[in-house]
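Undergrad: Fold the following and give me the result.
(one chain, ligands or ions: 1)
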Amino acid sequence: MNIKSMTLPEVTAAIKELGQPAFRGKQVYTWLHKGVRSYEEMTNLPKAFRDVLAEKYPIRAPKVVRKQESSRDGTIKYLWELSDGNCVETVLMRYNYGNTVCISTEVGCRMGCAFCASTIGGLVRRLEPYEMLDEVLFTQIDSDLPISRIVLMGIGEPLDNFENVLRFLELVNSPEGMNISMRHISLSTCGLVPKIDELAKRKLQIALAISLHGPNDEIRDKIMPVNKAYPMDVLLAACRRYYDATSRRIHFEYAMIDGVNDREQDAKELLRRLKGLPAHFNLIPLNHVEESPLKPSSKAAVAKFQKILEDGGITATVRRTLGGDIDASCGQLRRKYTKENH
Ligand code: SAH
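TA: Residues are numbered from 1 along each chain as shown. The predicted structure follows:
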């Protein structure tokens, strides 16, 4: 395992095995979580020991291959090259409640949602825990902006990379590391039900977001293949179990697609099916993806949909679209770069 994927006790054990005292474990761990690029920067370690570490546990760090900053809202999008040459995207959004990074959890995705650019080339590989940590760390270092919130809403399906994602959460939450509160982290899934149940068992304080995008199986089946494996009733039952286990309200993401899922009857059906489940809706006008025929709903349709939900007792916000001038949504930058370079 890469040393930056190890927890503090694991780093300490590895270092004791190299014949060093335990306190060196914490020193190394702290340096790694500051985003050093080599052991040479760990100035409070003996030189000979730094050489042993460099040999046994090489430090990896991503390189910026593209960086785009929105002139409208300060959103910054990074395209990182990982140590094996694969690329992933991270987006830094500047909200008044804190700088938030949206990180990728996989290179590509195998979920096949019809509206999403990240899945077009399929899944290449899953990210290691330290690679997700690096997205947060190096975004903070490069931008020089302190990061206080994380959303797992970039490229990939986090629950399809379950163990690595959970390990990443532990790392980024650790007091000797970035110390980002679980309450400031949201994880978004297209609806992998067994993993939602598994996550509920861990009783983390993170927010769970579900990419719903439709009020029934007929509509979800058309745009989200995952619905065939875990239909809507099964998914909503899992959401109820998650709420019972964690007492945390479920966030639903709903990309508004013209003529597909944005009719009045769709909003009303949602109200019926979600009855009794504490929920919040994020309505997101679809970001147009070049390869897809799907189009965003009109402003009027979005506003009407929102009103029906709110009148029915479900809070719904229309997500401001940030970074519209910089391909800031869902795998678009990686897609563009890959196309240009092959
Ligand atoms: N795989 C996870 C994490 C990706 S999160 C999930 O499905 O939840 C990214 C969010 O953006 C998801 O809600 C996804 O459905 C949504 N999304 C993808 N493509 C989009 C597009 N073109 N316009 C608007 N939202 C999109």
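
Undergrad: Flag every buried residue along the top strand by length along the chain.
TA: Using DSSP state E, we find that the single longest strand of the chain is strand 87-95. For strand 87-95, the neighbour count (16 or more other Cβ atoms under 10 Å) marks 87, 88, 89, 90, 91, 92, 93 as buried. Where C-beta positions appear, they are placed from N, C-alpha and C, glycine not excepted.

Undergrad: hmm, it in reach of the ligand?
TA: No. Remark: strand 87-95 sits outside contact range of the ligand, by Cβ under 6 Å from any ligand atom, the gap being at least 10.6 Å.

Undergrad: That strand pairs with which strands?
TA: Counting by DSSP bridges, the strands paired with strand 87-95 are strand 76-81 (antiparallel), strand 98-102 (antiparallel).

Undergrad: rewinding a little: closest one of the buried residues of strand 87-95 to residue 174?
TA: residue 90 (20.0 Å; Cβ to Cβ).

Undergrad: Get me the contact residues on the protein for the ligand.
TA: For the chain, the contact set with the ligand under Cβ under 6 Å from any ligand atom comprises 111, 113, 115-116, 153, 157, 188-190, 211, 253, 255, 284, 286-287, 289, 329-330.

Undergrad: now, which of those lie within strands?
TA: Those of the residues of the chain next to the ligand mapping onto strands are 188, 189, 211, 253, 255, 284, per DSSP E.

Undergrad: Pick out the most distant pair among those residues.
TA: 189 and 284 (15.6 Å).

Undergrad: which sections of the chain are below the confidence cut-off?
TA: The chain contains residues with pLDDT under 70 at 321-333, 337, 339-342.

Undergrad: quick one, helices of it?
TA: Ranges of helices in the chain, per DSSP state H, are 8-17, 23-32, 47-56, 129-143, 162-173, 193-202, 217-223, 226-229, 232-246, 264-273, 299-311, 332-340.

Undergrad: neighbouring contacts of the fourth one?
TA: The one in question is helix 129-143. For helix 129-143, contacts defined as Cβ atoms under 8 Å, 6 or more residues apart in numbering pick out 2, 4-5, 33-35, 60-62, 64, 67, 76, 78, 80, 82, 88, 90, 92, 99, 101, 103-105, 146-147, 150, 154, 164-165, 167-168, 171-172, 177-178, 180.
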